[in-house]
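# Sequence and predicted structure are below.
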Amino acid sequence: MTQISYDDVVTLPASLDQSVPVAFEDINGHLNIRHYVGIASEGLDDSLTELGIPQMWPISAGQGVFSAEHHMVYFAELRTGDKITVRTRMLGRSERAAHVLVFLVDETHRRVSYVMEEIFLHVDMETRTTSPWPTDVAEAMDKRIVEHAGLGWDAPVSGSMSLR
Amino acid sequence: MLAPMSLPTYGQALTLPAVFDQAVTADFIDENGHMNIGDYFRLGSWAPWRRMVELGMGEDYIARRGLSFFTTEHQIRYLAELRLGERFSVHSAFVGRSAKAVHAVGIVVDREHERVACFMEVIYVHVSMTDRRAAPIPDDLGAALDADASAYGGDWLGRSARGLTLRRRTPAESGTLRS
């Protein structure tokens, strides 16, 4: 995958504005990969909350979101103290799945440190099988997909996953 | 697009060395009432690393040799839930390597329902910790990785691990969604 433009990605709204804490370093002296995934997933959760999918959805509404596939590219190390943000681009959805790109951005060095491409599924927590998105969530997703498609830059997808 | 892949079967996964074999504990359970993907990720990505430690990298590779591995890419498929108390094992195998990079897999296997719960591919780049840039894998470790790759996996592994490649991808293979 080719390097992703910082100037493009920062046209998306930022969440989880923070500095890399020292406790997140591993034996290589940089942010451990599991924190890349954790922080990106937390940023994705924030953006889903805006679409009507709260963190406690399984308890409040008996509905859930399960990850089905991930493709992740680590472009650059992050070190303690680096300023970071997470930015989520909604690519598309089907009746019961959605496709997103989540960028972990190194604001200190003005570069994209990591991209996580994900497909996730809507699940009825009673049957624990996939089911169609509720109408209000589907409409909010569609609005965001159109908005993000108009950002003026092509989404750098892996080509390794697609909506079913 | 890369060639279509076929996921490993339960029986195939169990032929690989197990790095972890344990039950789902309460601290792995998330708001969905199953093992969180963060734990799939941690254990699946740790399995090939632990295997490299066992195969001669050792616990003190950085201190002793000034070398290490950085992860550059992951491809993960989550295939089945794991619930509280269920037994699972995590297996590792090496698909191939170049002078400076390794392609490995970590497979989380659901031992209760006899199925693959998660299939994860990883690319590691071998680095010099002096300049934090790619550096050749030493001959001794390279030979140990090659021997492990020959001993385990076989043709099915190559057919399963097609999500990532050691070769740099062309833009056509990466693709973009037009906006």
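Everything's here; your move. Being a predicted model, the structure only gives us computed values, none of them experimental.

# could you list every residue that touches residue 33?
By default, I'm working from chain A. By C-beta atoms under 8 Å, 6 or more residues apart in numbering or on different chains, the contact list for residue A:33 reads A:74, B:45, B:71, B:74. C-beta coordinates here come from the backbone N, C-alpha and C atoms, glycine included.

# that's the other chain; I wanted chain B
Residues touching residue B:33, when contacts are defined by C-beta under 8 Å, 6+ apart, comprise A:58, A:125, B:83, B:84.

# From these, keep the buried residues only.
When those are checked for burial by 16 or more other C-beta atoms under 10 Å in any protein chain shown, the buried set is A:58, A:125.

# Please render the contacts of residue B:33 as CSV that adds pLDDT, distance to residue B:137 and secondary structure to the earlier fields.
Conversion of the contacts of residue B:33 to CSV gives the following (pLDDT from 0 to 100; distance: C-beta to C-beta, whole Å; DSSP: H, G, I helix; E, B strand; the rest coil):
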residue, pLDDT, distance to residue B:137, secondary structure
A:58, 94, 45, helix
A:125, 96, 46, coil
B:83, 97, 39, coil
B:84, 98, 40, coil
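
# closest to residue B:9 among the contacts of residue B:33?
Taking C-beta to C-beta as the measure, residue B:9 sits nearest to residue B:83 out of these, at 21.8 Å.

# thought that closest one was touching residue B:32?
No: if you go by C-beta atoms under 8 Å, residue B:83 and residue B:32 don't touch, sitting 10.2 Å apart.

# any shared contact partners between these two?
With C-beta under 8 Å, 6+ apart as the test, residue B:83 and residue B:32 reach no residue in common.

# need the contact list for the spatially most central residue of chain B.
Central residue of chain B (C-alpha atoms, centre = their mean): residue B:105, 2.9 Å from the mean position. When contacts are counted by C-beta under 8 Å, 6+ apart, residue B:105 touches B:48, B:92, B:93, B:95, B:119, B:120, B:121, B:122, B:157, B:160, B:161.

# quick one, helices of chain A?
Taking DSSP state H as the test, the helices found in chain A are A:6-9, A:33-50, A:57-61, A:135-149.

# which of those helices is buried the deepest?
Among these, helix A:33-50 has the highest mean neighbour count (mean count of other C-beta atoms under 10 Å in any protein chain shown), at a mean of 19.

# can you give me the mean pLDDT across it?
Mean pLDDT, helix A:33-50: 95.

# residues of the helix or strand of chain A with the lowest mean pLDDT that come out buried?
Taking mean pLDDT, DSSP states H and E as the measure, chain A has strand A:15-19 as its least confident helix or strand, at a mean of 91. Within strand A:15-19, the residues that count as buried by 16+ other C-beta under 10 Å are residue A:15.

# Stretch A:72-88 now?
Residues of stretch A:72-88 classed as buried by neighbour count (16+ other C-beta under 10 Å): A:72-75, A:77-79, A:82, A:84-88.

# Which ones, among the residues you listed, also lie beside chain B?
With C-beta under 8 Å from any C-beta of the partner chain as the criterion, the subset of those in contact with chain B comprises A:72, A:73, A:74, A:77.

# got a list of what residue 36 touches?
I'll assume chain A. By C-beta under 8 Å, 6+ apart, the residues touching residue A:36 are A:72, A:74, A:78, A:104, A:113, A:114, A:116.

# my question was about chain B
Shown here is residue B:36, whose contacts under the criterion C-beta under 8 Å, 6+ apart are B:28, B:29, B:30.

# Now do the same contact list for the closest residue to residue B:18 other than its chain neighbours.
The spatially closest residue to residue B:18, leaving aside those adjacent along the chain, is residue B:89, at 4.6 Å (C-beta to C-beta, 6 or more residues apart in numbering or on different chains). Counting by C-beta under 8 Å, 6+ apart, residue B:89 touches B:14, B:18, B:20, B:21, B:22, B:108, B:109, B:111.
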